[in-house]
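Novice: Below: sequence and its predicted model.
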Amino acid sequence: RMTTISKVWQQIRKDAGLPWLRLHDLRHNYASMLVNSGRTLYEVQQILGHSDSKVTERYAHLSTKTLQDAANSASTYLDKALEKAGHHVTAFGEGASAFEEIKQATFDLLLTDIVMPEMDGIELARRAAELDPHLKIMFITGFAAVALHPDSKAPKDAKVLSKPFHLRELVTEVERMMAA
C-alpha cells in the first residue's frame with residue numbers, strides 16, 4: 001500500500017496550528033538560515049540542488065542583523081581611514097544611539113548613511129541639525145536621489161557622497177567640509 005505525504009503533512013500543519021505552511025516555505029527558510037549563518041550562495045545552491053544560482057538568490061534572504069553586520073564591518077574601514085587622516089571618530093551602528101550621543105556632546109561633522117535601523121540617516125541629520133544648526137552633515141549612500149529629493153527633509157546644506165567611493169575620496173570630502 002502506497003501513501004503520499006500530503007495527508008500526513010496536512011495533519012502535521014493542523015496539529016501545529018500552521019495550516020498555511022508549505023514544504024516549499026521550509027526550503028526558503030532553510031536557505032535563508034544557511035546564508036545568514038555564513039554559508040555561501042554556492043554552498044546553499046548545492047545543498048538545495050539548484051542548477052541555476054539565480055534561483056538560490058531568490059530563496060536566500062538576508063536578515064536585518066546580517067545586513068547591519070555587513071554595514072558595520074564596512075564602517076570600520078571608514079573609521080580607520082578618517083582616524084589615519086587625523087580625525088577623531090565616534091562611531092555608532094544605528095541612528096538612535098548616535099542621536100543620544102549628539103544630544104550630550106558637540107561634534108563638528110555628522111557622517112551618516114541613509115539606511116540604518118531604528119532611525120534612518122535623514123531623520124538623524126534633521127534632528128541633529130535642529131540641535132546644532134552649525135553641524136556639518138555628510139550622507140554616504142547608494143540612494144543619493146533620496147537624500148537630494150526635496151521631500152526627504154534632509155538638511156539643505158548636507159553633502160552627499162554616493163557609493164561606491166574610494167576611502168581617499170571620503171577623506172578628501174571630509175577635509176573640504178571641515179575647512180569650509
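Specialist: Good, I have the coordinates.

Novice: got the buried residues for the lengthiest helix in the chain?
Specialist: Identified as the longest helix of the chain according to DSSP state H is helix 64-84. Neighbour-count burial for helix 64-84, with 16 or more other C-beta atoms under 10 Å as criterion, is recorded at 68, 75, 78, 81-82. C-beta here means a position set from N, CA and C on the backbone, and glycine is covered the same way.

Novice: Make a markdown table out of those residues and add distance to residue 5 and pLDDT.
Specialist: What follows is those, written out as a markdown table (distance: C-beta to C-beta, whole Å; pLDDT from 0 to 100):
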| residue | distance to residue 5 | pLDDT |
| --- | --- | --- |
| 68 | 38 | 68 |
| 75 | 47 | 81 |
| 78 | 51 | 90 |
| 81 | 56 | 93 |
| 82 | 57 | 94 |
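
Novice: which of those residues lies closest to residue 91?
Specialist: Nearest to residue 91 out of the buried residues of helix 64-84 is residue 75 (C-beta to C-beta; 6.1 Å).

Novice: mind checking how far residue 157 is from residue 115?
Specialist: Residue 157 sits 21 Å away from residue 115, taking C-beta to C-beta, to the nearest Å as the criterion.

Novice: How about residue 154?
Specialist: Where residue 115 is concerned, residue 154 sits at a distance of 13 Å (C-beta to C-beta).

Novice: can you check residue 179 too?
Specialist: Distance, residue 179 to residue 115, using C-beta to C-beta: 29 Å.

Novice: Could you do residue 142 as well?
Specialist: For residue 142 relative to residue 115 (C-beta to C-beta), the value is 8 Å.

Novice: what does the longest helix of the chain contact?
Specialist: Outside helix 64-84, the residues within contact range by C-beta atoms under 8 Å, 6 or more residues apart in numbering are 35-36, 89, 91, 93-94, 111, 113, 116-117, 140, 167-168, 170-171, 174.

Novice: give me that answer again for 10 Å
Specialist: For helix 64-84, the external contacting residues (C-beta atoms under 10 Å, 6 or more residues apart in numbering) are 32, 35-38, 62-63, 87-94, 109, 111, 113, 115-117, 140, 163, 165-168, 170-171, 174-175.
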